[in-house]
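Trainee: using only what follows, build the 3D model:
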Amino acid sequence: MFDIFWRSVAIGIGATVLMDIWAIVLAKATGGPLPNWAPVGRWFWHLKNGKVFHDDIGTAVPCDHELALGWIGHYAVGIVYGILLVLLVGPGWLAEPTFLPAWIWAIVTVGAGWFLLQPGLGIGWAASKTPNPNKVRFLNLVAHTIFGFGLYATALLIR
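Mentor: Predicted coordinates for the structure are as follows:
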């Protein structure tokens, strides 16, 4: 059981690392910015006070080390997603991983970003308040597909 837990943690970390590598490649290829995890850290900080949704996270009271908190939260969520995947598909998947369950799960997890994090940051449901919501949504789906591949690939590496 302990082995299953640690392997689940590892696939969450591996998938999150691959997603971060994708973000770096995308930023270099397009000249766009790298993800800024500080607003996410601020959002996580305000959760302790029961404040989930903000009109603009940039106007919320800042906290110390919010960038570090954002990175920690980003990886903690990735780990939780790895654990939940194994709980949903069963530990047998770790012995014989397949891409489809990992990809389906990764696409399902986009919902947390669209309907919890993004409105929590004040950018609307599914990025509806951004200048180009459909572009953001598309990039979210691509990033989570990469995450799904990372779940699968990491499971293959550690089986």
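
Trainee: number of nearby residues for V52?
Mentor: 12 (other CB atoms under 10 Å). To be clear about C-beta, it is placed using only N, CA and C from the backbone, and glycine gets the same treatment.

Trainee: for K51, same thing?
Mentor: Here the number of neighbours of K51 (other CB under 10 Å) works out to 13.

Trainee: do the same with Y152
Mentor: Y152 sits with 24 neighbouring residues when counted by other CB under 10 Å.

Trainee: which element is it on?
Mentor: For Y152, the enclosing helix or strand under DSSP states H and E is helix 133-158.

Trainee: model confidence over that helix, on average?
Mentor: Taken as a whole, helix 133-158 has an average pLDDT of 98.

Trainee: for that helix, packing partners?
Mentor: Judged by 3 or more CB pairs under 8 Å, 6 or more residues apart in numbering; DSSP states H and E, the packing partners of helix 133-158 are helix 2-30, helix 66-89, helix 92-95, helix 99-112.

Trainee: mean pLDDT and distance to L121 added to those helices, as TSV?
Mentor: Formatted as TSV, the entries for the helices and strands packed on helix 133-158 read as follows, by pLDDT from 0 to 100; distance: least, CB to CB, whole Å:
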stretch	mean pLDDT	distance to L121
helix 2-30	97	17
helix 66-89	98	11
helix 92-95	97	33
helix 99-112	98	13
